Structure formats: structure tokens, C-alpha cells
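Here's my sequence, what's the structure:
(one chain, ligands or ions: 2)
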Amino acid sequence: MSVPEIATVVGSGTMGPGIAATLVRAGAEVRVYDISAEALARAEQTFAFASGVLDQVGGPKVDGGSATFTTDIGEALAGSRFVIEAVPEKIELKESVLKQIERLVGDDVIIATNTSGIPISDMAPSLERPGRFIGMHWSNPPHLIPMIEVIPGDATEQSTVDELVDIVNSFGYHPVLEKEIAGFVENRVLYAILRECVALLDEGIVTPEALDTCVKWGIGYKLSVIGPTRLLDMAGVDIYAAVSGYLNKQLDASTDTPQVIKDKIAAGELGFKSSKGMYEYGPGEVDAKRKDITAGLVAALKTLSSITPV
Ligand SMILES: NC(=O)c1ccc[n+]([C@@H]2O[C@H](COP(=O)([O-])OP(=O)(O)OC[C@H]3O[C@@H](n4cnc5c(N)ncnc54)[C@H](O)[C@@H]3O)[C@@H](O)[C@H]2O)c1
Ligand SMILES: Cc1ncc(CO)c(C(=O)O)c1O
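Numbering: from 1, shown residues only. Ligands and ions are numbered 1, 2, ... in the order given. You can find the predicted model right below:
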């Protein structure tokens with residue numbers, strides 16, 4: 001199967017527009033649905049921006065792709081062959097939206113969820129056809145991170161898995177097929193890193209600026225070329241044994257959200273969306289940072305796509 005002729009993105013906040021832009025570039029007729037007209041109006045702009053970024057990246061483009069934006073779920077799902085749900089990360093909301101979707105699509109349509117880590121098998125019982133339900137975890141920004149986790153639940157049919165892997169391949173992304181686990185693989189690794197980062201900041205071991213420099217240039221840059229398994233070989237498994245023997249027991253092992261983060265939430269310091277989070281942003285600075293991030297990711301994507309995979 002290639003990219004579905006008609007696809008629907010349900011929920012168009014941070015992730016929906018970039019997902020839609022990726023599918024449109026691959027030739028799909030995409031319907032973007034959101035419950036909020038205001039969110040949808042913003043999404044049209046973000047979609048146009050993401051499409052422009054994909055033009056800059058310059059990868060393959062299949063003719064015939066298009067996007068329409070609607071607050072009418074029936075219109076969004078009529079004739080759709082593939083649905084990706086990207087509403088907020090609340091299980092009850094997702095279950096109710098998934099049920100709504102299932103009632104309006106054909107029996108053979110794949111319904112995928114972009115959940116960041118809610119187990120697929122926890123949501124599947126809310127559906128009549130759990131065999132066609134699967135996790136499809138895009139990474140942010142979805143139009144620039146060419147990897148998607150594919151997570152079957154207990155009831156997902158093998159044909160659903162195979163079709164989703166084909167869909168992901170068809171727009172040139174790397175599918176990563178996983179066994180189901182809370183948080184999935186990407187976020188388990190990311191949240192292990194972030195837990196340690198927040199602890200190091202909280203203990204005053206390092207400044208935010210120095211931490212970002214260390215992780216970007218010491219870890220991020222290296223890991224963008226060499227995966228962690230290969231890194232173990234490059235460093236030496238014996239070295240890992242020697243260091244992990246004394247270091248692992250020192251690493252942060254807290255199981256709750258750190259208090260320092262809870263305090264920031266209480267103070268409304270959410271990051272880019274409130275101009276203050278871990279850093280503080282003056283007028284225009286958030287837009288400038290977003291621009292720099294996009295330019296950096298575009299440059300890195302072009303370079304990394306042109307080198308031999310390690
Ligand atoms: N933000 C990220 O970095 C990121 C990355 C990967 C995965 N995800 C996951 O993707 C999903 C969406 O995340 P997001 O960051 O785009 O969320 P968001 O809050 O930015 O956007 C969600 C959108 O869903 C809409 N919505 C709410 N209820 C709805 C309903 N009943 N029907 C249709 N639309 C509805 C909202 O109006 C909003 O526009 C979540 O499960 C999240 O965990 C997020
Ligand atoms: C902090 C954080 N949490 C979740 C996700 C995706 O599920 C991301 C991301 O970048 O994709 C993230 O940065």
C-alpha cells in the first residue's frame with residue numbers, strides 16, 4: 001500500500017498540521033478536522049508553513065496532494081482510507097474521539113493514534129474493531145523528524161501493522177516497529193535523559209546554557225550519526241561495564257514529576273507557549289528560536305540524509 005488516497009487528521013494543534021503537510025506532499029487528499037474553529041484557523045497557517053519547510057528540504061513530492069480544513073467530522077471522514085488521531089493526551093478524550101471516528105469510517109480503515117505513550121491495548125477495548133487500531137507515534141516537528149514508531153496493541157491485526165509500515169515507508173520515513181510498552185521506546189529514552197537533566201539543573205550542578213551545550217554537542221550530535229547500540233561498540237562494552245558499575249546507582253531514579261517542574265506549571269511557565277519556561281523569552285524571541293530550530297533541523301536533515309547510515 002502506498003500513501004492512502006484520502007486521509008484524515010483528527011486534532012490539529014501542535015502535531016496535526018505537520019502530519020497533514022507530510023501526507024499531502026506524499027500525494028494524499030488530506031482532511032484536517034478539529035473541534036475548534038480557532039485551532040483550525042491557526043492550523044491552516046501552520047500547515048502552509050510546514051509545507052514551505054518541506055519545499056526547502058526538497059525531498060520527493062507526489063502530485064495530487066491537497067488539504068482541506070473542517071470542523072465537520074462527517075465531512076472529514078467521508079471516504080477516508082486512513083485516520084490519524086492527534087487530540088490531547090487524555091485517555092478518556094481519545095477513547096471518545098476514537099469511538100466517534102470508528103462510527104463514521106469503513107470497517108477496513110486503519111485508525112491510528114499519535115499518543116505519546118498511552119498503551120494501545122488500554123484504548124483498544126473502547127473500539128468495535130480493535131484489529132484496525134494501532135499506535136503511530138510521530139516526533140515533533142512531524143514534518144521534519146523522519147522516524148515514526150509503529151506500535152501494535154494486543155488486538156491489532158498483522159495486516160494493519162503491515163499496511164502502516166508500508167504507509168510510513170511510502171513517504172520516505174523510517175518505521176520503527178515496537179512491542180507495546182508504556183511511553184514507547186522514543187519517550188522512554190528521551191524521558192530518561194530529561195529526568196537526569198532536570199535533576200542536574202535542580203541540584204545546581206550545571207546551568208541551563210551549559211547543559212544544552214553539553215547535550216547538543218556531546219550527545220545529540222554524536223547520537224544523530226551513531227545509534228546508542230553502535231555507540232556501545234564504539235566506546236567498548238567493557239567501558240560501559242566499568243562506568244555503569246559505579247554511575248548507574250548515582251543516577252536520578254525519582255518516579256514522580258519533579259517538584260521544580262510542578263512549580264513551573266503552577267506559575268504558568270510552560271515554555272515557548274507562555275514566553276517563559278526553563279528560559280525566559282523577550283518580545284519576538286520565541287519566533288526567532290522557532291525559526292532557528294527549523295533552519296537547524298532542515299540543515300541537519302539534508303546532511304544526515306546524504307551520508308552513509310551507521
Ligand atoms: N506536542 C508534541 O511534541 C507531541 C509529539 C508527539 C506526539 N504528541 C501527541 O500527539 C497528540 C496531540 O498532541 P498536540 O501537542 O498536537 O496537542 P495540542 O493540544 O497542541 O492539539 C490538540 C488539538 O486537538 C483538538 N481537539 C480537542 N478535542 C478534540 C476533539 N474532541 N475532536 C477533535 N479535535 C479535538 C484541540 O482543539 C487541539 O487543536 C497527543 O496525544 C500528544 O501526546 C505530541
Ligand atoms: C518532551 C517531549 N515529550 C513528548 C514528545 C513526543 O511524544 C516530544 C517530542 O519532541 O516529540 C517531546 O519533546
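
what residues are up against the closest residue to ligand 2 within the chain?
Among all residues of the chain, Ser116 sits closest to ligand 2, at 3.2 Å; criterion: Cβ to the nearest ligand atom. The way it works is simple: take the backbone N, C-alpha and C, and place the C-beta from them, glycine included. The contact partners of Ser116, taken as Cβ atoms under 8 Å, 6 or more residues apart in numbering, are Glu89, His137, Gly183, Phe184, Asn187.

rerun that using 10 Å as the cut-off
By Cβ atoms under 10 Å, 6 or more residues apart in numbering, the contact list for Ser116 reads 15, 89, 135, 137-140, 149, 183-184, 186-187, 190-191.

Now Trp138: phi and psi?
For Trp138, the backbone dihedrals are phi -80, psi 150 (criterion: degrees, to the nearest 10).

mind checking how far it is from Ser51?
16 Å (Cβ to Cβ, to the nearest Å).

Next: Arg230.
34 Å.

Lys249 too?
In terms of Cβ to Cβ, Lys249 sits 49 Å off from Ser51.

Which one's more surrounded, the two?
Between Lys249 and Ser51, counting by other Cβ atoms under 10 Å, Ser51 is the more crowded of the two (20 against 8).

Write out the residues of this protein neighbouring ligand 2.
Ser116, Ser139, Asn140, Asn187 (Cβ under 6 Å from any ligand atom).

Cross-check the contact I'm expecting between the last one and Glu149.
Yes: under the criterion of Cβ atoms under 10 Å, Asn187 makes contact with Glu149 at 8.9 Å.

Give me the common contacts of those two.
Counting by Cβ under 10 Å, 6+ apart, the shared contacts of Asn187 and Glu149 are Ser116, Gly117, His137, Ser139.

Would you reformat those residues as a markdown table and include secondary structure?
Formatted as a markdown table, the shared contacts of Asn187 and Glu149 follow (DSSP: H, G, I helix; E, B strand; the rest coil):
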| residue | secondary structure |
| --- | --- |
| Ser116 | coil |
| Gly117 | coil |
| His137 | strand |
| Ser139 | coil |
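
which of the residues you listed tops the neighbour count?
His137 (23 neighbours).

Tell me who's in contact with that residue.
With contact set as Cβ under 10 Å, 6+ apart, His137 has these partners: 112-117, 147-151, 176, 178, 183-187.

Apply the buried test to the residues you listed and list what passes.
If you count burial by 16 or more other Cβ atoms under 10 Å, the buried members of the contacts of His137 come out as 112-117, 148-151, 176, 183-184, 186-187.
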